[in-house]
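Asker: Sequence and computational prediction follow.
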Protein chains: 2
Amino acid sequence: MKYKDIYKNTLLNDIIPFWEKFSIDSENGGYFTCLDRAGKVYDTDKFMWLQGRQAWTFSMLYNKVDENPNWLKNAKYGIDFMIKNGMDKDGNFYFSTTKVGKPLVQPYNIFSDCFAAMAFSQYAKASGDEQIKALAKQTYYNILKKKDSPKGLYEKSTDERPLKSFALPMILSNLVLELEDVLDKEEVEKTIDLSIHEVMEVFLDKESGLIYEFVCADGSHEDSFNGRLLNPGHGIEAMWFMIDIGVRRNDTKLIEKAVDTILKILDYSWDEKYGGILYFMDAHGKPLQQLEWDQKLWWVHLEALVALSKAYEHTGREELMDWYKKVHDYTWSHFSDPKNGEWFGYLNRKGEVLLDLKGGKWKGCFHVPRAMYQCWKSFEKIENKK
Amino acid sequence: MKYKDIYKNTLLNDIIPFWEKFSIDSENGGYFTCLDRAGKVYDTDKFMWLQGRQAWTFSMLYNKVDENPNWLKNAKYGIDFMIKNGMDKDGNFYFSTTKVGKPLVQPYNIFSDCFAAMAFSQYAKASGDEQIKALAKQTYYNILKKKDSPKGLYEKSTDERPLKSFALPMILSNLVLELEDVLDKEEVEKTIDLSIHEVMEVFLDKESGLIYEFVCADGSHEDSFNGRLLNPGHGIEAMWFMIDIGVRRNDTKLIEKAVDTILKILDYSWDEKYGGILYFMDAHGKPLQQLEWDQKLWWVHLEALVALSKAYEHTGREELMDWYKKVHDYTWSHFSDPKNGEWFGYLNRKGEVLLDLKGGKWKGCFHVPRAMYQCWKSFEKIENKK
């Protein structure tokens, strides 16, 4: 079978049906995301990251694959739940609520807002709902307002040695494209310029060619646990955001630089002993804070497949296809669960299942279907060309 | 060699010399705790938990083993650093500072205060310093004041479904004995009563015989990630605090109940596949939030050795010696590093070294020497009796 068909079939006949069948909370609205190996709900709390991400996924599929009314209906479950229960009075998004929508964890995490904004924007496009379009815009500007102090009151670090986090410019570079229909042209271009600069000049280290997870305010590196931290999956994911921007702007230099960075990161973080990409690394090879550093996570590998297929699609460099095949073989043989559907999320270093779940507090209906869609579309172009 | 000699020799000829040689920051005061396999400093930030714990260890050894002036001097490094740099203006302890003592992470964590209070109390006894004795008392009352909202401003949970944490009554039950010379008799007895009640009646589940890490305000169990969480090492450690209290009060019923609980927890959390005690478990066998759940941690195993040796010392039940030997064999063969000295802290499920360090952000000069001392003293009694 061709790659494009593998991805398309898996998306439409395995992944999406799994979430349609097991995650919808038709009683209280929103989605259950804590699903065991077979899809059974094992915890009913609702995490706004995952509510937003799933509503985004169903809206995106409606917009890009098929105007299936069930998909729009499924997206609405999450949108309505977030609007009714997810926001505080200032428009900040709680981290989690009970199944009926009572707030459990305060809005300390700006990424809840980011995924809500993405979901509102895609859903507004799908439904034509102008109020939700306005809400997407409002949420976006609230994110910008908070971006220099994303944890707000809940920030535990002093001002002694402030570090900037890569996660924010990284997500902005994707968010702004997601919100293109919602924002003024000028705002879009300004934010793209800013995020290219931050990602490719500030966080991408010239010397090593690797992306650091935190840098000092002046862009220099700090010799501390966070200052030395590398998150290969984050770096690789951001590079396909950069390729998307490069394509949009017809900027081949940006595309080439992103592709070189993907290869650098893969070279550095591939586990020669057991295969797969390590979750966290220390730039100086020192011991890490993260006890889970050597684990193999689903999203890291899926982002690598997306990045490599886009990179190959736009440059045709053969070394990318060699890497693609290596990552493909590891990923499909270790994470996918043809027996019960969907993918495992967490493996130990040796590639054995560590947590027997299909969804949890951080894994939901997002990375798997998004990667399936992106790879399907890239391979459609690659394979139709041949 | 007898067990008492193994523990005594390891404490005095391996563990303590390691920290004396590698951790003292004679330039800035305080201790470096991030030490690699060979003792080399790999990070210079200072964590108040570990400053307090190491100052406590050296003071305790001075008080209980030998009035070695070097030990008192080494304790003073930490005490002076904490007094000069560790406290905010209200007497709360920062989580961490730079090596010269500039605050890095705010006082969000009440255990920083607990370890400071323990250190001040032991050091006051060793040095006869009345001002530090007063500071121990002041810190203790500050802990009591904060105990119902230990994270203060930094609490991210709403009041929707509040949970009580086992860590607090557990540490209070040890802290109050540590501060016996500092506090009024009445306060000591009151706090002992309270912590026995909380530990043995509220957090110890009657049905399963296991200790839960969090319970609802009314003591019931919540079906949520935290509500289902078991931390076997915590439970076992708390049981030897209970044995100490039982001995002090001549309460054989309390001792027997603690011993039964140790056996229950060990039975439940021993990894039949690879040996060792699991780090976290879910009471209903559901997937955990903690990606590190299956790892083997040094302190869990050392607390089990202390608990089993005390349990055997005070009851003579043979099944305890069987368990002791099983845990002993696993622990000494996997964590101890005779080549470079001191013990590894973090192993993967199979017992391979996961982080190549002897100290870090959470592992310092505390669990290893404390367990060595406690086991030495228990086996001295057990083996002299025979």
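Answerer: In hand now; what should we look at? Numbers count the residues shown, from 1 in each chain, chains lettered A, B, ... in the order given.
Asker: Which stretches in chain A count as helices?
Answerer: Assigned by DSSP state H, chain A shows helices spanning A:3-10, A:16-22, A:48-64, A:69-81, A:110-127, A:130-146, A:167-178, A:185-197, A:232-249, A:252-269, A:298-315, A:318-334, A:367-385.
Asker: Residues of the stretch 1-150 of chain A that sit close to chain B?
Answerer: When proximity is defined by CB under 8 Å from any CB of the partner chain, the stretch 1-150 of chain A lies next to chain B at A:34, A:36, A:42-43, A:45, A:95, A:98, A:102-106, A:108. C-beta: built from backbone N, CA, C; applies to glycine.
Asker: Poorly predicted segments of the stretch 101-250 of chain A, please.
Answerer: Scanning the stretch 101-250 of chain A for pLDDT under 70 picks out nothing.
Asker: before we move on, the earlier item: export the helices of chain A to JSON lines and append columns for distance to residue B:57.
Answerer: Listed next are the helices of chain A as JSON lines, based on distance: least, CB to CB, whole Å:
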{"stretch": "helix A:3-10", "distance to residue B:57": "56"}
{"stretch": "helix A:16-22", "distance to residue B:57": "51"}
{"stretch": "helix A:48-64", "distance to residue B:57": "42"}
{"stretch": "helix A:69-81", "distance to residue B:57": "51"}
{"stretch": "helix A:110-127", "distance to residue B:57": "41"}
{"stretch": "helix A:130-146", "distance to residue B:57": "43"}
{"stretch": "helix A:167-178", "distance to residue B:57": "38"}
{"stretch": "helix A:185-197", "distance to residue B:57": "49"}
{"stretch": "helix A:232-249", "distance to residue B:57": "38"}
{"stretch": "helix A:252-269", "distance to residue B:57": "38"}
{"stretch": "helix A:298-315", "distance to residue B:57": "40"}
{"stretch": "helix A:318-334", "distance to residue B:57": "44"}
{"stretch": "helix A:367-385", "distance to residue B:57": "45"}
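Asker: any idea how far the closest residue to residue A:16 other than its chain neighbours lies from chain B?
Answerer: Leaving aside its chain neighbours, residue A:16 sits nearest to residue A:369 (6.3 Å; criterion: CB to CB, 6 or more residues apart in numbering or on different chains). Remark: distance between residue A:369 and chain B (CB to the nearest CB, to the nearest Å) = 21 Å.
Asker: could you list every residue that touches residue A:369?
Answerer: For residue A:369, the contact set (CB atoms under 8 Å, 6 or more residues apart in numbering or on different chains) comprises A:11, A:15-16, A:19, A:57, A:61.
Asker: Export the residues you listed to a markdown table and append columns for distance to residue B:292 and pLDDT.
Answerer: Listed next are the contacts of residue A:369 as a markdown table, based on distance: CB to CB, whole Å; pLDDT from 0 to 100:
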| residue | distance to residue B:292 | pLDDT |
| --- | --- | --- |
| A:11 | 32 | 98 |
| A:15 | 28 | 98 |
| A:16 | 32 | 98 |
| A:19 | 28 | 98 |
| A:57 | 29 | 98 |
| A:61 | 35 | 98 |
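Asker: quick check, nearest of those to chain B?
Answerer: Set against chain B, the nearest of the contacts of residue A:369 by CB to the nearest CB is residue A:19 (17.3 Å).
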